[in-house]
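**Q** Structure for the following, please:
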Amino acid sequence: MKSIFKILSLGLICVSYHSFAQQASTSNELWQGRQAAVVLTYDDALNVHLDNVVPALEAHGLKGTFYLSAFFDGSKNRINDWRKAAELGHELGNHTLYHPCDASLPGRSWVSPDNDLHNYTTAQILKEIRMTNVFLETLDGKKERTFAYTCGDTATGEGSFMEDIKGDFVASRGVRGALNLIGNINLLNVDSYGINGESGAELIQLVKEAQEKNALITFLFHGVGGEHNLNVSLEAHQMLIDYLAENEETIWTTTMLEAAKHVKEHQN
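**A** Model (predicted):
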C-alpha cells in the first residue's frame, strides 16, 4: 500500500512540476521570450521629446512612440527632426490635427469652444484624424500606424468614434492606468499610465509589477524635463530607461505598433 502511495505521490509531483514548467515557459514566451513588454509613449509633439528623449533612448538603443498633433508648433516647426526620428526607428503616431478634448467633462474649462470635441460631429474628427495620417506618411512613408485619444476622449457629441477608426489603425492607446494582460488587451483602447511627477523608483516599480504579471505596460509621458504641466524629471526618466536597458534580456521595450502587432498575432 505504501508503495502505491509513493507512486501516486511521485506522479502528482511530476504532473504539477510539468504544469508549472509549461506555464512558466508559456509566460516567458508571451513577449518575444521575455517576462514583460514596455511601450514608452510621448504625447503632443513637444520640443523636449526631440531634444531630450530621442537622444536618451538612442544612447541605449531603445525606441519610443511619439504621438503628434500635426498643427502643434512642435510638429510644424520641426518636420525634419521628426523625419530623422522616424529614420532612427521611432514610431510616429496619430494624435489628431488640433488635439480637441471634451469640454463638457469635469476640469475641462481650459478647452476652447472651437476645440471642444463635444461640439464635433463624428465626420469632423474622422477628417482630422485621417488628414493627420497623411501628414505623418509624408514624414515616415508608412501606412501602418497607431492612434492616441486626445485627453483619452473617445466620443464626439454624436457618440463614440472608436469603431469608426478601427480600420485606420493597428491599435489605439487610451489613458486608463492599468497593466495589459495579453489575452485581455483591447486594441481599440490600450491602457496606459499617465506620468506626472513620479520618481524614477516609482516608474521602475511599475515595470517590476509588469514583469511579475507577464504584462504589457504602456507609459504616457508629456513633458520630460519641462515644457508641459504634466511632467517627469529628466533624472526619473533616465532611471527608467537605464533600468530597461540593463534588463533587456527579460524586458521587451518596443513601440506601440510592434507591441500591437504582436498582441494581434497572439490573440488570433
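
**Q** Look up how far Gly61 lies from the residue nearest to Cys101 when sequence neighbours are not counted.
**A** Among residues not flanking Cys101 along the chain, Cys151 sits closest, at 3.8 Å (C-beta to C-beta, 6 or more residues apart in numbering). All C-beta atoms are positioned from the backbone trio N, CA, C, and that covers glycine. According to C-beta to C-beta, to the nearest Å, Cys151 stands 32 Å off from Gly61.

**Q** Check Gln32 too.
**A** Separation of Gln32 from Gly61 (C-beta to C-beta): 15 Å.

**Q** do the same with Leu187
**A** Using C-beta to C-beta, one obtains 26 Å as the distance from Leu187 to Gly61.

**Q** neighbour-wise, which of these two wins?
**A** Per other C-beta atoms under 10 Å, whichever of Leu187 and Gly61 has more neighbours is Leu187, with 20 against 10.

**Q** who's in contact with the closest residue to the more buried one other than its chain neighbours?
**A** Once flanking residues are discounted, Leu187 sits nearest to Ala171: 4.2 Å by C-beta to C-beta, 6+ apart. For Ala171, the contact set (C-beta atoms under 8 Å, 6 or more residues apart in numbering) comprises 146-147, 187-188, 190, 256-257, 259-260, 263.

**Q** So which of these is the closest to Thr156?
**A** Nearest to Thr156, judged by C-beta to C-beta, of the contacts of Ala171 is Phe147 at 14.9 Å.

**Q** Number of residues surrounding Leu230?
**A** Neighbour tally, Leu230, other C-beta under 10 Å: 14.

**Q** From Gly74, how far out is the closest residue to it other than its chain neighbours?
**A** Residue nearest to Leu230 in three dimensions, not counting chain neighbours: His222, with 4.0 Å by C-beta to C-beta, 6+ apart. From His222 over to Gly74 the distance is 11 Å, taken as C-beta to C-beta.

**Q** Check Gly174 too.
**A** Separation of Gly174 from Gly74 (C-beta to C-beta) stands at 22 Å.

**Q** where exactly do the strands run in the stretch 1-150 of the chain?
**A** Along the stretch 1-150 of the chain, the segments classed as strands by DSSP state E, counting those that start in this stretch run 36-43, 65-68, 91-94, 146-148.

**Q** can you list those in JSON lines and add distance to Leu240, mean neighbour count and mean pLDDT?
**A** Listed next are the strands of the stretch 1-150 of the chain as JSON lines, based on distance: least, C-beta to C-beta, whole Å; neighbours: other C-beta atoms under 10 Å; pLDDT from 0 to 100:
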{"stretch": "strand 36-43", "distance to Leu240": "8", "mean neighbour count": "26", "mean pLDDT": "98"}
{"stretch": "strand 65-68", "distance to Leu240": "15", "mean neighbour count": "27", "mean pLDDT": "99"}
{"stretch": "strand 91-94", "distance to Leu240": "18", "mean neighbour count": "25", "mean pLDDT": "99"}
{"stretch": "strand 146-148", "distance to Leu240": "19", "mean neighbour count": "27", "mean pLDDT": "99"}
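
**Q** For the protein, give me the ranges with low pLDDT.
**A** For the chain, applying pLDDT under 70 flags the ranges 1-28.

**Q** what sits up against the strand or helix carrying Phe219?
**A** Secondary structure from DSSP states H and E places Phe219 in strand 216-221. Contact with strand 216-221 is made by 31, 36-43, 53, 148, 173, 175, 179-182, 185, 190-195, 203, 206-207, 209-210, 232, 237, 240, 256, 259, 263, as judged by C-beta under 8 Å, 6+ apart.

**Q** Identify those among those that sit within helices.
**A** If you go by DSSP state H, those have 203, 206-207, 209-210, 237, 240, 256, 259, 263 in helices.

**Q** and of these, the nearest to Tyr67?
**A** The closest of those to Tyr67 turns out to be Met256 (C-beta to C-beta; 8.8 Å).
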